[in-house]
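**Q** What shape does this take:
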Amino acid sequence: MEIDTLFDIFKIAIDNEHEAHEFYKNAATSTLDSDAKKLFENLAVVELQHEHLLEEKYRDMKERLSPPRKA
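**A** Purely as a prediction, here's the structure:
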(Lines give C-alpha, C1' and ligand atoms only; values in the text may rest on other atoms or scores of the structure.)
Protein backbone atom coordinates (compact mmCIF):
# COMPACT_ATOMS: atom_id res chain seq x y z
CA MET A 1 0.00 0.00 0.00
CA GLU A 2 1.34 3.41 -0.90
CA ILE A 3 1.95 5.92 1.89
CA ASP A 4 -0.44 8.49 0.41
CA THR A 5 -3.21 5.88 0.33
CA LEU A 6 -2.55 5.04 3.96
CA PHE A 7 -2.75 8.72 4.92
CA ASP A 8 -6.02 9.05 2.98
CA ILE A 9 -7.48 6.06 4.83
CA PHE A 10 -6.60 7.64 8.16
CA LYS A 11 -8.22 10.93 7.11
CA ILE A 12 -11.42 9.10 6.14
CA ALA A 13 -11.44 7.19 9.43
CA ILE A 14 -10.94 10.42 11.41
CA ASP A 15 -13.81 12.06 9.52
CA ASN A 16 -16.05 9.03 10.15
CA GLU A 17 -15.32 9.12 13.87
CA HIS A 18 -16.07 12.84 13.95
CA GLU A 19 -19.38 12.31 12.17
CA ALA A 20 -20.30 9.48 14.55
CA HIS A 21 -19.49 11.71 17.52
CA GLU A 22 -21.75 14.46 16.14
CA PHE A 23 -24.50 11.94 15.40
CA TYR A 24 -24.56 10.56 18.95
CA LYS A 25 -24.23 14.02 20.50
CA ASN A 26 -27.25 15.21 18.50
CA ALA A 27 -29.17 12.04 19.32
CA ALA A 28 -28.53 12.65 23.03
CA THR A 29 -29.95 16.15 22.83
CA SER A 30 -32.93 14.99 20.77
CA THR A 31 -34.25 12.26 23.04
CA LEU A 32 -36.38 12.60 26.13
CA ASP A 33 -35.62 9.07 27.33
CA SER A 34 -33.01 9.31 30.10
CA ASP A 35 -31.53 5.85 29.44
CA ALA A 36 -31.18 6.54 25.72
CA LYS A 37 -29.71 9.96 26.48
CA LYS A 38 -27.02 8.40 28.70
CA LEU A 39 -26.25 5.77 26.10
CA PHE A 40 -25.92 8.34 23.30
CA GLU A 41 -23.75 10.58 25.49
CA ASN A 42 -21.46 7.65 26.29
CA LEU A 43 -21.24 6.66 22.64
CA ALA A 44 -20.41 10.25 21.69
CA VAL A 45 -17.52 10.23 24.18
CA VAL A 46 -16.21 6.93 22.81
CA GLU A 47 -16.32 8.20 19.24
CA LEU A 48 -14.47 11.38 20.26
CA GLN A 49 -11.81 9.22 21.93
CA HIS A 50 -11.48 7.20 18.71
CA GLU A 51 -11.12 10.41 16.71
CA HIS A 52 -8.36 11.71 18.99
CA LEU A 53 -6.55 8.36 18.94
CA LEU A 54 -6.62 8.25 15.14
CA GLU A 55 -5.42 11.87 14.92
CA GLU A 56 -2.51 11.05 17.23
CA LYS A 57 -1.55 7.96 15.22
CA TYR A 58 -1.90 9.92 11.97
CA ARG A 59 0.46 12.66 13.19
CA ASP A 60 2.95 10.06 14.41
CA MET A 61 2.79 8.19 11.13
CA LYS A 62 3.20 11.43 9.13
CA GLU A 63 6.35 12.27 11.11
CA ARG A 64 7.86 8.82 10.66
CA LEU A 65 6.92 8.09 7.06
CA SER A 66 6.87 11.41 5.25
CA PRO A 67 9.95 12.17 3.14
CA PRO A 68 12.25 14.81 4.61
CA ARG A 69 11.57 18.37 3.49
CA LYS A 70 14.10 20.11 1.31
CA ALA A 71 15.74 23.16 2.83
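
**Q** which sections of the chain are below the confidence cut-off?
**A** Low-confidence regions of the chain, defined by pLDDT under 70, span residues 71.

**Q** mind pulling up the phi and psi values for the residue nearest the centre of the chain?
**A** Closest to where the C-alpha atoms of the chain average out (Cα atoms, centre = their mean) is Glu51, at 2.2 Å. In terms of degrees, to the nearest 10, the main-chain angles of Glu51 are phi -60, psi -50.

**Q** and it, what does it touch?
**A** Counting by Cβ atoms under 8 Å, 6 or more residues apart in numbering, Glu51 touches Ile14, Glu17, His18, His21. Every residue, glycine included, has its C-beta placed from N, CA and C.

**Q** so how far is Glu17 from the nearest residue to the third one once chain neighbours are set aside?
**A** In space, and not counting its chain neighbours, His18 is closest to Glu51: 5.3 Å by Cβ to Cβ, 6 or more residues apart in numbering. When Cβ to Cβ, to the nearest Å is the yardstick, Glu51 and Glu17 sit 4 Å from each other.
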